[in-house]
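> I'll drop the sequence and a predicted model, then ask my questions.
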Amino acid sequence: MKILITGGAGYIGSHAAFKACELGYDVVIIDNLFRGYQECVDTLSAHFPNKITFYKADLRDKKSLQEVFTKEKIDSVMHFAALLSVNESMQIPYLYFENNTYGTLNLLETLREFNVRNIVFSSTCATYAPPVHAAEKDFSIAEDNPQASDSVYGESKFLMEKEVIWFGKIYNINYTILRYFNVCGCNPDAIIGYSTRPSMALMQNAVRGALNIEPFKFTYSQMDTPDGSPIRDYVNVLDLVDAHFLALDKMMKENKSDIFNVGTGNGTSVKEVVDKVVEITGKKFDTAMGEARKGEATALYSNTDKITRELGWKPTRSIEDSINSLVKWFMARPDGWKE
């Protein structure tokens, strides 16, 4: 089978491409390299000779998409390509609506034109409204929680979801929407890893701070949590990618669309993650307060009952595993991929 991975030169997309090659897929990557990296694609291609075909293309350019689908017989799609900074989205909303929602619309129309009937879509817990049980300090979120984002990024992803759902209904395209919580870690052998810049990922930034690669700063406002810092659900990128292929397999076998959260079901505070980085690396580092991000929720962590029940998926990698893999990656590549 041949799978198209949009955003495959980026963080999560490259790990999905790696897994797809391990599973025997032929992989087609589309990435405009605005936030992705040619060196990442080259590394994947060298590690999996004759398994990856790369097109530098932009989903907003429909003609380029049509050319790719004409050349390649695509069986299924994993759609990762999107801008993802909450703070940036509040500063440049046009960029997020134009890139994320318009690009997805072009992709879906191309799927329709070329009769491709299976897509796994990378969404986010940022589409959810604040947890309904927040007053009782139960911040877990299930798939039926109301959606009402506090950020332009979350709203753009919500609109992308609606596009996927409507094209699925009207044109009989099977879809699985996966709403991620906070993604961390990387390939344990440091073959590929994390290079997103500017980085909004707490654990990745904390490891960089511990290794004296870049100054670390907290970027939250005081929250109503036990230690005053936001609570999040940190899921390892390899566990996340495993969920994609379980979802794709089920969707193609059953010809059925669905939506799942992907998280661990556990909340860990920002300060707890930083303390764990200090413990594992043995390095204390400056943790000054920087400018607080906009659009941040107090606490978000996943209810994982549905994905465990329907896909048999459970996370197998710990926060310690994620930190150790990032330490290995950043020791090998302090600056990540070359620009």
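All right, it came through fine. Just so it is clear, the model here is predicted, and its values are computed rather than measured. Numbering: from 1, shown residues only.
> who touches G8 in this structure?
S14, A16, A17, V27, I29, I30, D31, G36, V41, L44, F54, F80 (Cβ atoms under 8 Å, 6 or more residues apart in numbering). C-beta: built from backbone N, CA, C; applies to glycine.
> dump those to CSV, plus neighbour count.
As requested, the contacts of G8 are exported to CSV (neighbours: other Cβ atoms under 10 Å):
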residue, neighbour count
S14, 32
A16, 27
A17, 32
V27, 24
I29, 30
I30, 29
D31, 27
G36, 25
V41, 22
L44, 24
F54, 19
F80, 26
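> so which of those is the closest to A247?
Nearest to A247 among those, counting by Cβ to Cβ, is A16 at 11.5 Å.
> what about the closest residue to the closest one other than its chain neighbours, which helix or strand?
Closest residue in space to A16, ignoring its immediate chain neighbours: V241 at 5.0 Å, by Cβ to Cβ, 6 or more residues apart in numbering. Here V241 sits within helix 237-254, counting by DSSP states H and E.
> pLDDT of the helix or strand that that helix is followed by, averaged?
Using DSSP H and E, the helix or strand that directly follows helix 237-254 along the chain is strand 258-262. If you average the pLDDT over strand 258-262, you get 98.
> pull the CA atoms of strand 258-262 into CSV?
Only the C-alpha atoms of strand 258-262 are listed here, as CSV (Å, rounded to 0.1, in the frame of the first residue of the first chain):
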residue,chain,number,x,y,z
ASP,A,258,-14.6,7.8,14.1
ILE,A,259,-13.0,10.3,16.5
PHE,A,260,-10.6,9.5,19.3
ASN,A,261,-8.6,11.3,21.9
VAL,A,262,-4.9,10.4,22.1
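> dihedrals phi and psi, K2?
phi -110, psi 130 (degrees, to the nearest 10).
> looks like it contacts M78 (just checking).
No: between K2 and M78 there is no contact under Cβ atoms under 8 Å: 12.0 Å.
> select the longest helix from this protein.
When the chain is parsed with DSSP state H, its longest helix is helix 152-171.
> the more surrounded of K2 and M78?
Set side by side, K2 and M78 show more neighbours around M78, with 30 against 14, by other Cβ atoms under 10 Å.
> over to that one: give its phi and psi.
Backbone torsions of M78, given as degrees, to the nearest 10, read phi -120, psi 120.
> now F218
Torsion angles, degrees, to the nearest 10, at F218: phi -70, psi 140.
> what of I280?
phi -70, psi -40.
> show me the contacts for the spatially closest residue to it that is not a sequence neighbour.
In space, and not counting its chain neighbours, I280 is closest to I323: 5.0 Å by Cβ to Cβ, 6+ apart. If you count contacts by Cβ under 8 Å, 6+ apart, I323 has them with C184, G185, M203, V207, K276, V277, I280, T281.
> just the buried residues from those, in ChimeraX please.
Here is the ChimeraX command that selects only those of the contacts of I323 that count as buried (16 or more other Cβ atoms under 10 Å):
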select :184,185,203,207,276,277,280,281
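> just the contacts of I323: which are in strands?
Using DSSP state E, C184 are the members of the contacts of I323 that sit in strands.
> out of the contacts of I323, which is nearest to E339?
V207 (20.5 Å).
> just the ones of the contacts of G8 in strands?
Using DSSP E, those in strands are V27, I29, I30, D31, F54.
> quick check: the farthest pair among those?
V27 and D31 (12.0 Å).
> what's the neighbour count on F97?
15.
> what residues are up against the residue nearest to it when sequence neighbours are not counted?
Once flanking residues are discounted, F97 sits nearest to S156: 5.5 Å by Cβ to Cβ, 6+ apart. With contact taken as Cβ under 8 Å, 6+ apart, S156 is in contact with A82, S89, Y96, F97, N100, T101.
> same thing with D321?
D321 makes contact with G185, P188, N236 under the criterion Cβ under 8 Å, 6+ apart.
> try 10 Å
By Cβ atoms under 10 Å, 6 or more residues apart in numbering, D321 lies in contact with C184, G185, P188, N236, L238, D239, P315.
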